[in-house]
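A.B. asks: sequence-free structure coming up:
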């Protein structure tokens, strides 16, 4: 009887430990930072882009978190003659499914949005006049796996998944609009995203 009781306590402790990171009331912190510089032959300066989008989420139920990412992106392309600066916000919902004590599968639905300005970039690399404003709104469904080496850290492996984006460029002065819609599946396992989330 004593062995049975100890076994039940051990199983309960393992189950609690597996759910501790994603139980109701917990907070998840993470985000992404990106940087890239490319020099095109013949261009006066290198193309450069940078982004930082920290995110925070709250577990409204066991294994289900809602939250948002808020940040900034900067993209200056001398080769294309344009510079874009944008404020980004990306609300999301994420659901985890326990696979083992330390591994969980998750699916995330996000609505990334960006609001910014587009400026002309001259051949010598200097930033010129404002060309207009840019707005993008999208929807993305992405799968992934999380590994929890301890209760506070989740190491994640994910792919972009299924996505839709609507982009609008409103020209300065004339107010003319150019719209573009894109839809696609980008589940490239050879180009995954690797990240770390902190659970509190």
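C.D. replies: Thanks, I have it. Nothing here was measured: the structure is a model prediction, and the numbers come from that model.
A.B. asks: Which strand in the chain has the most residues?
C.D. replies: strand 127-147 (DSSP state E).
A.B. asks: Could you identify the helix or strand that succeeds it?
C.D. replies: From strand 127-147 onward toward the C-terminus, using DSSP states H and E, the following helix or strand is strand 153-158.
A.B. asks: Quick one: low-confidence residue ranges for this protein.
C.D. replies: 1-19, 186-192 (pLDDT under 70).
A.B. asks: Tell me which stretches of it form helices.
C.D. replies: Using DSSP state H, the helices of the chain run over residues 2-19.
A.B. asks: need the strands for it, in chain order.
C.D. replies: Under DSSP E, the chain gives strands at 27-38, 47-61, 64-77, 82-98, 103-110, 113-121, 127-147, 153-158, 161-171, 177-186, 193-199.
A.B. asks: Walk me through which strands the fifth one pairs with, and which way each runs.
C.D. replies: Here strand 103-110 is paired, per DSSP bridges, with strand 82-98 (antiparallel), strand 127-147 (antiparallel).
A.B. asks: Make TSV out of the ones you listed and add distance to residue 159 and mean neighbour count.
C.D. replies: Heads up, the C-betas are built off the backbone N, CA and C, glycines and all. Listed next are the strands paired with strand 103-110 as TSV, based on distance: least, C-beta to C-beta, whole Å; neighbours: other C-beta atoms under 10 Å:
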stretch	distance to residue 159	mean neighbour count
strand 82-98	15	17
strand 127-147	6	16
